[in-house]
Each structure stands twice: as C-alpha cells, then as structure tokens.
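1. I need the structure of the sequence given here:
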Amino acid sequence: MIDSDLPYSGRIVGSEHRFAVRVYYEDTDAGGVVYHARYLGFFERARSDMLPLAGVDYLARMAEDGSTYVVSAADLKYRTPARLGDALTIISTVERIRAAGVVVHQRVMRDADVVVEGRLTVAFVGPDGRPRRQPEAWIRAFEAISGGAEARR
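-> Predicted structure coming up:
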C-alpha cells in the first residue's frame, strides 16, 4: 500500500532507470493500439524522472538561468504494438556522455517483449537554444549510473 500521494518517479536499478506506465484510452487510436507518437511521451516522462533520481536538478537550473535539456535527435524502432490496458515498463540507460548532453537508450517493455526501442540524443542548451556545457556534477552523476557508458568531453 502506498502511504504517500507523491507522483511516481520510477527507480534506478544498477545502470537502468525503470519507469512503469499503463496504457490508457487517451494513448490509443480507434483500434485500441498505442498511437506511435505516444511512445515519445512515455520516453520523455521516464527521462524527466530519471534525472532527479540520478542527481541532476534540471528544474532548478532552468529556473536559475533558462538552461534546459532538449531532444536533438531520436531514432525509434517499433517492434510490436502495445494495446489499451497494457502494463509497460520504460527502461532508460545512459549510453554516451558528452560535454553538452547525453545519448539515452530507451526501451518500452511488456513483460519480456520489446515493444519499442530508441536512442535519443538529449542536448543541454542555454536560453538562446544553443548547446552549452552541462555542469560537471551532472556529468559525474551520469557516469555514476551509466554502467560504463562511453564518455566524451
């Protein structure tokens, strides 16, 4: 039983952030199949909750000076459809750490089946939209959860 009304943030297990979602009617097309763009939303929720758990306070930095993370590239592979009512787990792993961002491998899983997987490049940008070096403490935080990700500074 949950004794708190705080939103769910998932959990970090080893080098993986695990985030559970259920497919609701709003996520599907008329046939009850998850609409293809909704997976990007699932990925976004998982990444957004992974960051604070890893020690990256992006919201405070955004409020301080307008810097934030943006998706600069996404490569997705749809393997099998998810459907209304499915319980899914989004597994996110930091794959590459760069001076101005990270590459995150994300998978939507239904039990042991990969539903969708993708590699998303997430860039740290200033208020002008131009890439900027992310804080060194954040790079170390990503290294701590990366499980040996390739780091290039």
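2. tell me which element the closest residue to Val56 other than its chain neighbours falls in.
-> Closest residue to Val56 apart from its sequence neighbours, by Cβ to Cβ, 6 or more residues apart in numbering: Trp138 at 4.8 Å. C-beta here means a position set from N, CA and C on the backbone, and glycine is covered the same way. With elements taken from DSSP states H and E, the one containing Trp138 is helix 136-145.
3. Please name every helix or strand in contact with that helix.
-> helix 38-54, strand 87-98 (3 or more Cβ pairs under 8 Å, 6 or more residues apart in numbering; DSSP states H and E).
4. Contacts only, for Val34.
-> Residues in contact with Val34 (Cβ atoms under 8 Å, 6 or more residues apart in numbering) are 23, 27-28, 81-83, 86, 115.
5. quick one: low-confidence parts of the chain?
-> 1-2, 148-153 (pLDDT under 70).
6. The residue nearest the centre of the chain and Tyr78: what is the separation?
-> Nearest to the mean C-alpha position of the chain, counting by Cα atoms, centre = their mean, stands Arg47 at 2.2 Å. Applying Cβ to Cβ, to the nearest Å, the value for Arg47 to Tyr78 is 19 Å.
7. how about the contacts of Val34, which pair is most distant?
-> Thr28 and Val115 (13.2 Å; Cβ to Cβ).
8. between these two, which one's more packed in?
-> Shown here are Thr28 and Val115; by other Cβ atoms under 10 Å, Val115 has more neighbours (23 against 19).
9. and the more buried one, that's in a strand?
-> Yes - counting by DSSP: H, G, I helix; E, B strand; the rest coil, Val115 is part of a strand.
10. residues touching it, list them.
-> 34, 39, 78-82, 88, 107-109.
11. Now with 10 Å, please.
-> Listed by Cβ atoms under 10 Å, 6 or more residues apart in numbering, the contact set of Val115 reads 23, 34, 39, 42, 78-83, 86, 88-90, 107-109.
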